[in-house]
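1. With the input below, show me the fold.
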Amino acid sequence: MQINVSGRHMTVSDSVREYCQQKASKLVRFFDRIQSIDVVLDGHNGHHFAELIVHSEGTAPFVASEEQDDMHAAVDLVMDKIERQIRRHKDRLRNRKHPPKVRTED
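-> Residues are numbered from 1 along each chain as shown. Coordinates of the predicted model:
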């Protein structure tokens, strides 16, 4: 799995880059078909913007974005959003293959 951290209109410090890579590497435990993760960071006028694009096999990319006053907070919130999307997608796959049994009461 490849993790790309890039900055738009800014340079990304090594500590922020490592923090993003550490957080993004944990997404594999939720969905094992992830091929690459792109983290795009942007900061201007005291607002920090984080966008996350997760490319996986057999699905459209998962995309989430968040804007906060702190870069670490923006990264944390965008990771939570992507985690929710991946869990929902995996539940849908699981439910499609094994539909729930309907109980009838006598």
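2. Please look at Asp42 and Thr11 and confirm they touch.
-> No - using CB atoms under 8 Å, Asp42 makes no contact with Thr11, being 11.5 Å away. To be clear about C-beta, it is placed using only N, CA and C from the backbone, and glycine gets the same treatment.
3. Next one, pLDDT for the most centrally placed residue in the chain please.
-> The residue lying closest to the centre of the chain (CA atoms, centre = their mean) is Ile82, at 3.3 Å. On pLDDT, Ile82 comes in at 96.
4. One more: Asp70?
-> On the pLDDT scale, Asp70 gets 91.
5. same deal with the one 3 residues further on?
-> You'll see Ala73 listed with a pLDDT of 94.
6. which element is it on?
-> helix 71-97 (DSSP states H and E).
7. so how far is Val39 from the residue nearest to the centre of the chain?
-> 10 Å (CB to CB, to the nearest Å).
8. now swap in Arg87 and tell me
-> 19 Å.
9. out of these two, which sits in the more crowded spot?
-> Val39 (25 against 12; other CB atoms under 10 Å).
10. How are the helices of this structure distributed by residue range?
-> Along the chain, counting by DSSP state H, helices occupy 14-25, 71-97.
11. For the longest one, buried residues please.
-> If I follow you right, that is helix 71-97. Of all the residues in helix 71-97, those buried under the rule 16 or more other CB atoms under 10 Å are Met71, Ala74, Val75, Leu77, Val78, Met79, Lys81, Ile82, Glu83, Gln85, Ile86, His89.
12. Next, format those as CSV and append distance to Cys20.
-> Output for the buried residues of helix 71-97, formatted as CSV (distance: CB to CB, whole Å):
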residue, distance to Cys20
Met71, 9
Ala74, 10
Val75, 6
Leu77, 13
Val78, 10
Met79, 9
Lys81, 15
Ile82, 12
Glu83, 14
Gln85, 18
Ile86, 17
His89, 22
